[in-house]
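Undergrad: After the sequence you'll find the predicted model.
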Amino acid sequence: MNITFWGTRGSISAPLSASGVRSKIVDAVMAVAQAPESATLAERGAAEAFVDAMPFAQRGTFGGNTSCVEVETDRPDHFLICDLGTGVREAALSALGRLEGRSGTFDVLLSHLHWDHIMGFPFFVPAYIPGHVIRIHGCHAQLEEALKAQQSAPCFPVPFAALGATIEFHVLTPGETTEIAGFSVTPTPQHHGNDSYGYRLERAGKCVVYSTDSEHRIEDDTDLERFARFFQGADLVIFDAMYSLADAATVKEDWGHSSNVMGVELCQRAGAKRLALFHHEPVHGDAKLQALLEQTLRYEILTRESNVLDVIAGYDGLVVSV
Ligand SMILES: [Zn+2]
Ligand SMILES: [Zn+2]
């Protein structure tokens, strides 16, 4: 089962600037000049191999789109999407490409209704095409109201009522398991301004947890234990690691987000197999995000008891298999 990260940024989109691209090119040119094999790098294959061996933050970017993750279902015309951040625009184009003109069903799980998790929907192309079915699930009673409000005048030119697809809203009950797109889906409440919900998705013996915009307190063991159970044995936990532990425990306490260190601790306690750092701080550039990942990898080794926890950082375009 493939999980595709279409948007991994928190709070607001943060695209790479021209000066950011230039800086990466300068680093690459300097690396080529210093490489013993520099004379062979005019050949494309050799150049590609050289670039692939560079650190991710130099050769790529974590990306700038806000939260959107697609979890593969067992049907080619059925899509399961977590959150409608700006990443959903590309998720939609990819899905339409795979549908090759057929109609599709899109089940969406919304963590909450903050802008960064819904702002991609007005650009979700299938919503405009009759024949597609879009079912939006979430635990907030204002689900429908929020999505309609975001497309109302004078903030957007196309009203929600003009959308051509069949669009339904389903309010879920936290703690109750519902069958959605072939998955057993269980939501849980999370500590976040205006509330948010994490989702545990299970299908064919595999488990993916989507838990973003969630603050955890080191001193609240009852809450930590509840989340350790929620993450129990997961193949992949997509986790709000917006801050470093130092930030999360001091200046940004009560801001409703969590840290890389808390992600490792909860996943270790839960016996989860892989942790994906997610909802990256928009202020952090690629080098800082890479440094946070490396710090997290060292922390996992230092605190490892028996099971190895594989730690990765989500980036726009990343595909992970479980
Ligand atoms: Zn957010
Ligand atoms: Zn939020």
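TA: Now that the structure is in, tell me what you want to look at. Numbering: from 1, shown residues only. Ligands and ions are numbered 1, 2, ... in the order given.

Undergrad: Give me the neighbour count for residue 133.
TA: Applying other C-beta atoms under 10 Å, we find 15 residues neighbouring residue 133. Backbone N, C-alpha and C define where each C-beta goes, glycine included.

Undergrad: looking at this structure, which residue lies furthest from center?
TA: Distance from the C-alpha centroid of the chain peaks at residue 39, with 40.3 Å (C-alpha atoms, centre = their mean).

Undergrad: how would you label it: helix, strand or coil?
TA: With DSSP: H, G, I helix; E, B strand; the rest coil as the basis, residue 39 sits in helix.

Undergrad: likewise the one 10 residues further on?
TA: Under the three-state scheme (three-state DSSP), residue 49 adopts helix.

Undergrad: what about the least confident helix or strand in the chain by mean pLDDT, distance to the chain center?
TA: Across the helices and strands of the chain, mean confidence by mean pLDDT, DSSP states H and E is lowest for helix 245-249: a mean of 72. In terms of C-alpha atoms, centre = their mean, to the nearest Å, the centre of helix 245-249 is found 21 Å from the chain centre.

Undergrad: Strands of the stretch 51-200 of the chain, residue ranges please.
TA: 68-72, 78-82, 105-109, 133-138, 166-171, 178-180, 183-190, 196-203 (DSSP state E, counting those that start in this stretch).

Undergrad: Could you check how far residue 295 is from ligand 1?
TA: Distance from residue 295 to ligand 1, counting by C-beta to the ion, to the nearest Å: 22 Å.

Undergrad: Could you measure from the closest residue in space to that residue that isn't next to it in sequence over to ligand 1?
TA: Among residues not flanking residue 295 along the chain, residue 260 sits closest, at 6.9 Å (C-beta to C-beta, 6 or more residues apart in numbering). Using C-beta to the ion, residue 260 is found at 16 Å from ligand 1.

Undergrad: now residue 119
TA: 10 Å.

Undergrad: tell me the pLDDT at that residue?
TA: pLDDT for residue 119: 98.

Undergrad: likewise the one 3 residues further on?
TA: Among the per-residue scores, residue 122 shows a pLDDT of 98.
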